[in-house]
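Visitor: Sequence first, then the predicted structure, then my questions.
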Amino acid sequence: MTLLPETTRLIDVLVADAQAAGRAPSVVVGVVRDGTVAYIAGAGEHPAPAAGTQYRIGSISKTLTAVLIMQLRDEGRLALDDLLYRHLPGTPVGGVTLRQLLGHAAGLQREPDSAGWWERTTGTDVDTLLAGLTPDKLAFPPHRRYHYSNLAYGLLGAVLERVTGKPWIELVTDRVLAPLSMLRTTYHPHEPFAPGYVVHPLHGTLLEEPRTDTGAMAPAGQLWSTVTDLAKWAAFLADPVPEVLAPDTLTEMSAPVAIGDLESWSGGHGLGLELYRRGDRVLVGHGGSMPGYVALLAVHRRSRTGVVAYANTYGFPIGSLGLAVLDEVLTREPAPAAPAWQPAGPPGPAVAELCGRWWWMGIPHDATAGAGEELVITRLGREPWRFVPEGPDRWRGHAGLNDGETLLVRRDPAGGVEALDIATFVFSRDPDHLA
């Protein structure tokens, strides 16, 4: 799906202005819609931006680590409320849960102990990372507050290795990258790739950054990718491939574990996904940075629209740029029109006898036939409640306010439908029935 010419012109201006003001050697931004790259904009010449050029994605790597944890949870190999010591016995920070680690609510300090900044230092193995832990790495009681922790994801990577017996990169490749054909997302860079730079603040010259192997901290920020590949990941976050991750599990990952800004609730963290509030929209994704690189992935799941963005200098405001581009696309170009209405066949008898108007506390609710054997109950101005049959006179909600709740059909002595009991709220055909 392509974008309108006036939208692409605006994106070009936003990217060019940001590259010039931020003095970035290279900036590239891709818009993703309905599973494909709808537009790519770039600015700078070091290197010239291209869809197939690799940049380091930094902490966006954490989203793949989180998906691996959720896969194992769905397979019954671990539980989110497992204490860490169950999988890493003897660790002095073992009293936190996997859920808290995923959502940066465990109270762990941000970084591991290291001879230098771990992002710029050759990494150690898992055993060395674990041996370096001390009880004072817990800066706050669990779930007391949101506190971003790279160390948490190093520990989650260690859990993955201990549970499966396989290295993190092997799991990522076999379980995520290969099934999604993300063949240009790799542990080490492969040509063509953009070198990462520090831009001298006084005379604008470029100093190339080292490209480190972060070892046991790789699950927190090691990967490299391209616009084309990360667009596939954005499309997955909008509409997951069930063979990789169940859609309900990705929805679970998108719910907040911790809110990062208690004043305005402008951002928070789910199970491995950052959450961004932009007006009345909530986006999921993650930012990323490593020495010489910054990146952004943000997705509006409802409209299946996202943005991926890279720059190859540390400190460039890639988040502001990427979110501004996504805001413009979502505001200027509404989501694609819904499929044309088609007449339905006659509803089944179990649905048909429940259709019509029902009353609760003087408020009308209309029951209609949905797709297949679905029963849809609508109250004016509210999201519909959707139910599917679970047994004779028993239905289960799967969308709307009564998602997960039970609807029981009450019958009179003659066998006719008398009332609907939805989670103990009784709906009647009679508007005078207020009980």
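Guide: Looks like it arrived, so ask away.

Visitor: where do the helices sit along the stretch 51-200 of the chain?
Guide: 61-74, 84-87, 98-102, 126-131, 150-164, 168-172 (DSSP state H, counting those that start in this stretch).

Visitor: could I get those helices as CSV with distance to Gly22?
Guide: Where C-beta positions appear, they are placed from N, C-alpha and C, glycine not excepted. As requested, these are exported to CSV (distance: least, CB to CB, whole Å):
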stretch, distance to Gly22
helix 61-74, 23
helix 84-87, 39
helix 98-102, 32
helix 126-131, 34
helix 150-164, 24
helix 168-172, 31
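
Visitor: weakest of those in terms of mean pLDDT?
Guide: Of all the helices of the stretch 51-200 of the chain, mean pLDDT reaches its minimum on helix 126-131 (a mean of 92).

Visitor: Which strands and helices lie in contact with it?
Guide: Packed against helix 126-131 by the contact rule (3 or more CB pairs under 8 Å, 6 or more residues apart in numbering; DSSP states H and E) you find helix 150-164.

Visitor: Please parse this protein into its domains.
Guide: Taking automatic domain parsing as the domain assignment, the ranges for the chain are 5-332, 349-428.

Visitor: and those domains, which is most packed in?
Guide: domain 5-332 (a mean of 19; mean count of other CB atoms under 10 Å).

Visitor: Compute the first-to-last residue distance for that one.
Guide: One end of domain 5-332 to the other measures 11 Å (CA to CA, to the nearest Å).

Visitor: and if you look at stretch 41-59?
Guide: One end of stretch 41-59 to the other measures 23 Å (CA to CA).

Visitor: any idea how far that stretch is from the chain center?
Guide: 23 Å (CA atoms, centre = their mean, to the nearest Å).

Visitor: likewise stretch 381-393?
Guide: The mean C-alpha position of stretch 381-393 is separated from the chain mean by 28 Å, CA atoms, centre = their mean.

Visitor: quick one: contacts of it?
Guide: 350, 370, 372-378, 395-403, 406-409, 411, 422 (CB atoms under 8 Å, 6 or more residues apart in numbering).

Visitor: same thing but 6 Å
Guide: Applying CB atoms under 6 Å, 6 or more residues apart in numbering, the contact partners of stretch 381-393 are 373-378, 395-400, 402, 407, 409.

Visitor: And the furthest pair within those?
Guide: Across the contacts of stretch 381-393, no pair lies farther apart than Ala399 and Val409, at 19.3 Å, counting by CB to CB.

Visitor: Just the endpoints, please. Distance across stretch 276-287?
Guide: For stretch 276-287, the end-to-end distance is 11 Å (CA to CA).

Visitor: What mean pLDDT does it get?
Guide: Taken as a whole, stretch 276-287 carries a mean pLDDT of 95.

Visitor: What are the contacting residues of that stretch?
Guide: Applying CB under 6 Å, 6+ apart, the set of residues contacting stretch 276-287 from outside is 59-60, 63, 254, 266-267, 273-274, 296-300, 319, 327.

Visitor: now the chain, which segments are flagged as low pLDDT?
Guide: 336-337, 434-435 (pLDDT under 70).

Visitor: pull the longest helix from it.
Guide: Across the chain, the longest stretch assigned as helix under DSSP state H is helix 5-22.

Visitor: just to revisit the earlier point, closest to Gly35 out of the contacts of stretch 381-393?
Guide: Gly35 has its nearest neighbour among the contacts of stretch 381-393 in Ala399, at 22.7 Å by CB to CB.

Visitor: So what sits opposite that closest one in the bridge?
Guide: Arg386 (DSSP bridges).

Visitor: on that earlier part again, nearest to Gly362, of the helices of the stretch 51-200 of the chain?
Guide: Short answer: helix 98-102, nearest of the helices of the stretch 51-200 of the chain by CB to CB, at 42.4 Å.

Visitor: just so I know, which of the domains of the chain lies nearest Ala338?
Guide: The nearest among those, by CB to CB, is domain 5-332 at 12.0 Å.

Visitor: circling back: among the contacts of stretch 381-393, which lie within strands?
Guide: In strands, defined here by DSSP state E, the members of the contacts of stretch 381-393 are 375-378, 395-399, 407, 409.

Visitor: Give me the helices and strands touching whichever helix or strand comes after the longest helix of the chain, please.
Guide: The helix or strand immediately downstream of helix 5-22 is strand 26-33, counting by DSSP states H and E. Judged by 3 or more CB pairs under 6 Å, 6 or more residues apart in numbering; DSSP states H and E, strand 26-33 is in contact with helix 5-22, strand 36-44, helix 227-238, strand 305-311.

Visitor: which stretch among the helices of the stretch 51-200 of the chain comes nearest Tyr310?
Guide: Nearest of the helices of the stretch 51-200 of the chain (CB to CB): helix 61-74, 13.8 Å.

Visitor: how far is that closest one from where the chain is centred?
Guide: 11 Å.

Visitor: do stretch 294-302 as well
Guide: Put simply, stretch 294-302 sits 8 Å off its chain's centre (CA atoms, centre = their mean).

Visitor: same deal with stretch 16-36?
Guide: 21 Å.

Visitor: Ok, stretch 259-273 next?
Guide: Distance, centroid of stretch 259-273 to centroid of chain: 13 Å (CA atoms, centre = their mean).

Visitor: Numbering from 2 from now on, please.
Guide: Understood, numbering begins at 2; the last thing we discussed is stretch 260-274.

Visitor: how long is it end to end?
Guide: 12 Å.

Visitor: Repeat that for stretch 363-378.
Guide: End-to-end distance for stretch 363-378, by CA to CA: 16 Å.

Visitor: contact partners of that stretch?
Guide: With CB under 6 Å, 6+ apart as the test, stretch 363-378 has contacts from 348-349, 352, 355-356, 358-359, 379-380, 385-390.

Visitor: My read is that Glu419 contacts Val410, right?
Guide: No: counting by CB atoms under 6 Å, Glu419 does not reach Val410; the two are 8.4 Å apart.

Visitor: any residues in contact with both of those two?
Guide: Contact with both Glu419 and Val410 is made by no residue, according to CB under 6 Å, 6+ apart.

Visitor: re earlier: can I get the helices and strands packed on strand 27-34 in JSON lines with distance to Asp137?
Guide: Below are those laid out as JSON lines (distance: least, CB to CB, whole Å):
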{"stretch": "helix 6-23", "distance to Asp137": "38"}
{"stretch": "strand 37-45", "distance to Asp137": "43"}
{"stretch": "helix 228-239", "distance to Asp137": "36"}
{"stretch": "strand 306-312", "distance to Asp137": "36"}
